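A.B. asks: sequence first, predicted coordinates after that:
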Amino acid sequence: MAAAVESAGCRKASCFVEVGRREIGSSSPRASSRRISGSEHIVLRMTQYGKLRGHDGCVNTVSFNPSGDLLVSGSDDTNIILWDWLAKTKKLVYPSGHHENVFHARVMPFTDDSTIVTVAADGQVRMGQVAEGGRVTNKLLGEHDAPVHKMAIEPGSPYVFYSCGEDGLVHHFDLRSDSATKLFTCYSLLNDRRRVRLYSIAIDPQNPYYFSVGGSDEYVRLYDMRSFRLDHSRNINQPVDTFCPKHLINGGKVHITSIAYSYAREILVSYSDELIYLFQNNKGLGPNPVSAQPELVDMLDQPQAYSGHRNFRTIKGVSFFGPKDEYVVSGSDCGNVFLWRKKGGELMRIMNGDKSVVNCIEPHPHFPFIASSGIDKTIKLWTPAARKLMSLPKNAKQIIDSNERGREVYASRGEVTLSPDVIMHVLRLHRRQPELHMENEPGAADFASDDGEAFYIGFGDAERNQRENSDPRECNVT
C-alpha cells in the first residue's frame, strides 16, 4: 500500500497538469473531468462528506438520478426519500405503498425526476408519480410471489425496465402498457423442477438486448431479449451463455447477490461468502455448463478476483467506480467499504461505512462521489475531500483475516440453514464486538466540506444507544 500512496503522490502532478489544460482550453471539460476522476490520487483522498438522516429503518437502497443532483433512498420503514444530497437535505418524502421493506428504488431517465419505480419484500413492483407541489400518486405495476430485490432499467429508456424475484420470475415492464409481461422462470441447471431464487439483474450497457441474472446458485445466466415473444406463447429457460469461476462449478454451496456491467461489457459478480469476480463477456461456459466438456472448462482463464471483504449476512451490492470503471467497490459484513483496483485486484481502501454491515454502494454517475448504506438508518456520502492521501488502516490485515476466518469456519461446517431468529442474534453479537475498523481513521482536520462541518466516522454515545435499542429485525437480512 505504501507503494500505492507513493505512486499516487507522483500522479498528483498529473491531476494539476490536467487542471491547467482545462484552464487554457486545451482539454474539454468532459475529458478533464473524466481524467481527474479516474486518478488514483482522487481515490486515496476519498473520505466521508456527511450523513443523511431521515429513515426510521435500515436503508436498503440508494441510487442517484441520471443527472446526479438527487439521491433516492428506500428503507424498511417503506418510505421513499428524495435528497438534495449535496446540501444534505430532504426534498421529498412519500410512502411507497409497499407493505414490507423496500429493497430497490430508481428514478426513470428522461422523466424530469417525476417517475420512481420501487420493489420490495412484499413482491410488489410499484411506480410513484411526482406531480407539481410534491403530490405523489402510487400505482401497482405488477407482482411477484416472493420478495423482489432488484430492477434493471433499459439504458436511456423512460419506459422499460425489468424485475427479478425470489420466485425465480423475470418480469418485463413497459410503462406505456397497462400490465407487466412474465418473461420466464429461472430453474436450476441440475434440477429443472427447482426454481432459482433471483437476487440480481443487470443489462448490458452496450447492447440492451442482453441482460444477466443471478441468484441462489453459482451461475450467472446471460439472456437475449430477442429470443422471447412478449405474447406469453412460450417460457424459455435457456440462457445464451453462463459464467462461473471454475472452482465453484457444481459446488452448490454459494449464491450470487449482485451483478454489475462495466462499459466495456465486463460482468462483475459478488458471491455470498465467497469472493467478487470479473468475467469477460465473451469467455463464458456456454448455455449449458453442466454438460460442458472438462477440457473446454480447463481452457478458460480464471476471472480476476477481489478479496478481503465478507458477503454473508445480507444481500450485498457490488459496483464499478471511476469514469472508465477503473475500480471495484463493495460493502462488507465488517461494516467497511472496500475499494480495489480493477486491473490486478489490489486493495486500495478500507473505509468505515456502518456500525454493522454495509450493503449498498452507489457511485455518482458523473463525478468521483459515492453513497453507501446498510443496517444503519443513515446514508453515508463519500467525496475526495481528505487533506492528505489515505492509506489502508493499520489494522487492515486484522480486518481481512477476521473476514477470512469467518468464511473458513462457515465453509468447514458445510451447508447450514439458519433461522431468522438465529441470524438476528448473530447480528446483535456482531454489534458488540470490538470495533477493529475504527483504528487509524483520520481526524477532523482531514475532512473538508463546503460548509466547514467536520464529520467523524465514529459514532457518538447518543447514536450508539439509539442503534442498540433499535429492532434489527427491520433489516434486509437473508
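C.D. replies: On my side now, so go ahead.

A.B. asks: the helices in the chain, which residues?
C.D. replies: Under the criterion DSSP state H, helices of the chain are mapped to 2-24, 29-37, 40-43, 294-299, 396-412, 420-432, 461-469.

A.B. asks: tell me who's in contact with the residue nearest to Met151 when sequence neighbours are not counted.
C.D. replies: Nearest non-adjacent residue to Met151, counting by CB to CB, 6 or more residues apart in numbering: Ser163, 5.0 Å away. Bear in mind the C-beta positions are built from the backbone N, C-alpha and C, glycine included. By CB atoms under 8 Å, 6 or more residues apart in numbering, the residues touching Ser163 are 119, 125, 142, 144, 148, 150-151, 170-171, 173, 180, 201.

A.B. asks: kindly recompute the last result at 6 Å.
C.D. replies: 119, 125, 148, 151, 171 (CB atoms under 6 Å, 6 or more residues apart in numbering).

A.B. asks: just the closest of the residues you listed to Ser291, please.
C.D. replies: The closest of the contacts of Ser163 to Ser291 turns out to be His171 (CB to CB; 29.0 Å).

A.B. asks: hang on, that closest one packs against Gly142?
C.D. replies: Yes - counting by CB atoms under 6 Å, Gly142 is a contact partner of His171 at 5.5 Å.

A.B. asks: of those two, who's got more company?
C.D. replies: Remark: of His171 and Gly142, His171 carries more neighbours, 24 against 20, as counted by other CB atoms under 10 Å.

A.B. asks: quick check: pLDDT value at that one.
C.D. replies: As predicted, His171 sits at a pLDDT of 96.

A.B. asks: OK, contacts around it?
C.D. replies: Per CB under 6 Å, 6+ apart, neighbours of His171: 142, 163, 180, 182.

A.B. asks: same thing but at 8 Å, please
C.D. replies: Listed by CB under 8 Å, 6+ apart, the contact partners of His171 are 125, 142, 144, 162-165, 180-183.

A.B. asks: then Asn403?
C.D. replies: 308-310, 332-334.

A.B. asks: circling back: which of the contacts of Ser163 fall within strands?
C.D. replies: Among the contacts of Ser163, DSSP state E puts 119, 125, 148, 151, 171 in strands.

A.B. asks: would you format these as a markdown table with distance to Pro208 included?
C.D. replies: Formatted as a markdown table, the ones in strands among the contacts of Ser163 follow (distance: CB to CB, whole Å):
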| residue | distance to Pro208 |
| --- | --- |
| Val119 | 20 |
| Val125 | 19 |
| Val148 | 21 |
| Met151 | 14 |
| His171 | 16 |
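
A.B. asks: closest one to Lys253 out of these, please.
C.D. replies: Distances from Lys253 to those, taken by CB to CB, are shortest for Val148, at 24.6 Å.

A.B. asks: what's opposite the closest residue to that closest one other than its chain neighbours in the beta bridge?
C.D. replies: Once flanking residues are discounted, Val148 sits nearest to Val119: 3.8 Å by CB to CB, 6+ apart. Note on Val119: beta-bridge partners His104, Val125, judged by DSSP bridges.

A.B. asks: OK, contacts around Val119?
C.D. replies: 102-104, 125-126, 148-151, 163, 165.

A.B. asks: just give me the closest of the residues you listed to Arg341.
C.D. replies: Lys150 (26.3 Å).

A.B. asks: what's the spacing between Ala146 and Gln398?
C.D. replies: 39 Å (CB to CB, to the nearest Å).

A.B. asks: then His172?
C.D. replies: Applying CB to CB, the value for His172 to Gln398 is 47 Å.

A.B. asks: one step back: can you flag the weakest of the helices of the chain by average pLDDT?
C.D. replies: Looking across those, the weakest by mean pLDDT turns out to be helix 461-469, at a mean of 40.

A.B. asks: tell me, how many residues neighbour Gln206?
C.D. replies: 13.

A.B. asks: please name the nearest non-neighbouring residue to it.
C.D. replies: Nearest non-adjacent residue to Gln206 (CB to CB, 6+ apart): Arg265, at 5.3 Å.

A.B. asks: that neighbour: how many residues sit nearby?
C.D. replies: The number of residues near Arg265, taken as other CB under 10 Å, comes to 15.

A.B. asks: need the contact list for it.
C.D. replies: 204-207, 281.

A.B. asks: mind redoing it with 6 Å?
C.D. replies: Here Arg265 is in contact with 204, 206, 281 (CB under 6 Å, 6+ apart).

A.B. asks: ok, of the residues you listed, which one's closest to Ser412?
C.D. replies: After measuring the contacts of Arg265 against Ser412 - CB to CB - the closest member comes out as Asn281, at 34.6 Å.

A.B. asks: one step back: which of the ones in strands among the contacts of Ser163 lies closest to Ala385?
C.D. replies: Among the ones in strands among the contacts of Ser163, and counting by CB to CB, the member closest to Ala385 is Met151, at 31.6 Å.

A.B. asks: excluding its backbone neighbours, what's nearest the residue nearest to the spatial centre of the chain?
C.D. replies: Nearest to the mean C-alpha position of the chain, counting by CA atoms, centre = their mean, stands Gly317 at 2.8 Å. Among residues not flanking Gly317 along the chain, Ser258 sits closest, at 4.6 Å (CB to CB, 6+ apart).

A.B. asks: my read: the one you found touches Ser272, true?
C.D. replies: No - if you go by CB under 6 Å, Ser258 and Ser272 don't touch, sitting 9.7 Å apart.

A.B. asks: who has more neighbours, those two?
C.D. replies: Between Ser258 and Ser272, counted using other CB under 10 Å, the more crowded position is Ser258 (28 against 20).

A.B. asks: is the more buried one in a bridge, and if so with what?
C.D. replies: Ser270.

A.B. asks: hang on, Ala386 packs against Met46?
C.D. replies: No - here Ala386 does not reach Met46: they are 7.1 Å apart, not a contact under CB under 6 Å.
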